[in-house]
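1. 3D model of this:
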Amino acid sequence: MSETLNSPINQSPFNHRYLTVTVEIPEGQKKLNYHTYSYEDVSLRSQGQRKSGLPFRNYRINCSIVVFGGQTQPQAQIQIYNMSRENMAALSQFGNPATFKFNDGTKNIQVSIYAGDGPDRLSRVFNGFLIQSYADFTSAPDPFMFIQAASLGNVYLTPHTVTSYEGEIEAAQIIKQLADENDMVFENNGVTTVLRNPYLSGDVRAQIEKCSLLGNFNYIIENGVIAIWPEGGHRQTYSGKPVEQVSGYYRQDLQGKEAVTRAGYVLVNKQTGLIGYPSFNGAIIGLRTLFRNDIRNGDLIKVESDFFGAAGYYTVHGITHQLSSEINGGPWFTDLNATVVGYLPNSQEHSDFSAPNGADANDSDDDDDDSFPFVG
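-> Numbers count the residues shown, from 1 in each chain. This is a model prediction of the structure:
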């Protein structure tokens, strides 16, 4: 699938929306049959043929994708209607409270969501690993398959040795090592903290969290990328590392792409999809727009609004996509939560910030900033 960033410019709220959910079951995956207490092979089927992976497209789909950083990593809840009974039976009973059995200790069921306003204009919105799934026939004659997935589902289930260093080492180097070991792209946005004799224990998530606390930086793990940026700062780059450092099926849409420096900000106003007016308390703002997959957790945005005091620059710290396909009047929205640039919710201090190109951080005039500055 093409990796096309979706901005709402030139989108109509009456356009046909498209969602595709792909599910990858690793070879050797087995599922416990609770009636016989035996493990059985599992596979999906398409046109009578067994498939290890299957894209569910042109289905009635409703999904919610929540993207927060730190310990609360991206999660997705998906409802796929009128799936074949064979595939519903294959996918049901996985995850908590069901039991997994793998051919080794590292493979998990992978779930990806692609969205766009055309079958050839889809971008990946979510990539993660299945937490639980079940078939719900209470809504018959329109039964649905419920799937819950999380970006860190694999590292929660994968043990990891202690990470320790003698002497001084940059925190970013530790995170890069953990990213490489777990087949993730690493993105550093200006973290230069040096740690002395660090000792990190626990699973991968616990080690990343402890390192972020010691190194005073934020992080997010999404779509196979782990990004870090200084506390009170924001992300500066888009889309990871050169292709030779990218591997794995679920990152194939990054193939051939170099890291691109993205100066400036992403514009949010009525012309770019802002719906209604924001909620604002002086430091934190809440916004709803048409679907925006070009805005990421940690990005710098410029909000233009005539709502008193709300216009200015913010760092995004929470994103929720509410999406649907083949549903009349179904949702196609992105909700953003962001803080004033440099504002630290747990501190009385504010970091220094200079608006891009010398602009006034509170300037909301429509001057030469009318372009939509993101890299596609």
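2. which stretches of the stretch 251-376 of the chain form strands?
-> 260-261, 266-268, 279-280, 284-290, 300-303, 312-325, 332-340 (DSSP state E, counting those that start in this stretch).
3. show me what the longest one is packed up against.
-> Think strand 312-325. Counting by 3 or more Cβ pairs under 8 Å, 6 or more residues apart in numbering; DSSP states H and E, the packing neighbours recorded for strand 312-325 are strand 18-24, strand 61-68, strand 110-116, strand 300-303, strand 332-340. Bear in mind the C-beta positions are built from the backbone N, C-alpha and C, glycine included.
4. thinking again about what came up before, ok, which of the strands of the stretch 251-376 of the chain comes nearest Gly215?
-> The closest of those to Gly215 is strand 312-325. By Cβ to Cβ, the value is 17.8 Å.
5. the closest one: which residues count as buried?
-> Going by neighbour count (16 or more other Cβ atoms under 10 Å), the buried part of strand 312-325 is 312-319, 321-325.
6. could you dump it to PDB, C-alpha only?
-> Output of strand 312-325 as PDB, limited to C-alpha atoms (Å, rounded to 0.1, in the frame of the first residue of the first chain):
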ATOM      1  CA  GLY A 312      -0.600  29.800  19.000                       C
ATOM      2  CA  TYR A 313       1.900  27.000  19.000                       C
ATOM      3  CA  TYR A 314       1.400  23.600  20.800                       C
ATOM      4  CA  THR A 315       3.000  20.200  21.200                       C
ATOM      5  CA  VAL A 316       0.700  17.300  20.500                       C
ATOM      6  CA  HIS A 317       0.600  14.800  23.300                       C
ATOM      7  CA  GLY A 318      -2.600  12.800  22.500                       C
ATOM      8  CA  ILE A 319      -4.400  11.700  19.300                       C
ATOM      9  CA  THR A 320      -7.600   9.800  18.900                       C
ATOM     10  CA  HIS A 321      -8.800   8.700  15.500                       C
ATOM     11  CA  GLN A 322     -12.500   7.700  15.200                       C
ATOM     12  CA  LEU A 323     -12.900   6.100  11.700                       C
ATOM     13  CA  SER A 324     -15.400   4.000   9.800                       C
ATOM     14  CA  SER A 325     -16.100   2.700   6.400                       C
END
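7. just want the angle from that strand to strand 284-290.
-> 40 degrees (axes from the mean of the first three to the mean of the last three Cα atoms, to 10 degrees).
8. work out which residue lies at the spatial centre of this protein.
-> Glu222 (3.9 Å; Cα atoms, centre = their mean).
9. for the closest residue to that residue other than its chain neighbours, what are phi and psi?
-> Nearest residue to Glu222, sequence neighbours excluded (Cβ to Cβ, 6 or more residues apart in numbering): Pro74, at 4.9 Å. Main-chain dihedrals, Pro74, degrees, to the nearest 10: phi -50, psi 140.
10. OK, contacts around Pro74?
-> Ile65, Val66, Val67, Phe68, Phe126, Gly128, Ala150, Ser151, Ile220, Ile221, Glu222 (Cβ atoms under 8 Å, 6 or more residues apart in numbering).
11. state the pLDDT value of the residue nearest to the centre of the chain.
-> On pLDDT, Glu222 comes in at 85.
12. lowest average confidence across the helices and strands packed on strand 312-325, which one?
-> strand 300-303 (a mean of 90).
13. go through the buried residues of strand 312-325 and name the one nearest Ser305.
-> Out of the buried residues of strand 312-325, the member with the shortest distance to Ser305 (by Cβ to Cβ) is Gly312, at 9.3 Å.
14. the closest one touches Glu304, doesn't it?
-> No: applying Cβ atoms under 8 Å as the test, Gly312 and Glu304 come out as separate, 9.2 Å apart.
15. and Pro143, which of the strands of the stretch 251-376 of the chain is closest to it?
-> Ranking these by proximity to Pro143 (Cβ to Cβ) places strand 312-325 first, at 17.0 Å.
16. now the closest one: how far from the chain's centre is it?
-> 11 Å (Cα atoms, centre = their mean, to the nearest Å).
17. stretch 28-36 too?
-> That offset, for stretch 28-36, works out to 30 Å (Cα atoms, centre = their mean).
18. and stretch 225-241, by the same measure?
-> 13 Å.
19. before we move on, what about stretch 133-140?
-> Remark: stretch 133-140 is offset 26 Å from the chain centroid, using Cα atoms, centre = their mean.
20. now swap in stretch 313-330 and tell me
-> On Cα atoms, centre = their mean, the centre of stretch 313-330 falls 12 Å from the chain's centre.
21. and the helices and strands packed on strand 312-325 as a markdown table, adding distance to Ser139?
-> Putting the helices and strands packed on strand 312-325 into a markdown table (distance: least, Cβ to Cβ, whole Å) gives the following:
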| stretch | distance to Ser139 |
| --- | --- |
| strand 18-24 | 18 |
| strand 61-68 | 11 |
| strand 110-116 | 21 |
| strand 300-303 | 38 |
| strand 332-340 | 22 |
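22. could you name the stretch from the ones you listed that's closest to Gly53?
-> strand 18-24 (4.0 Å).
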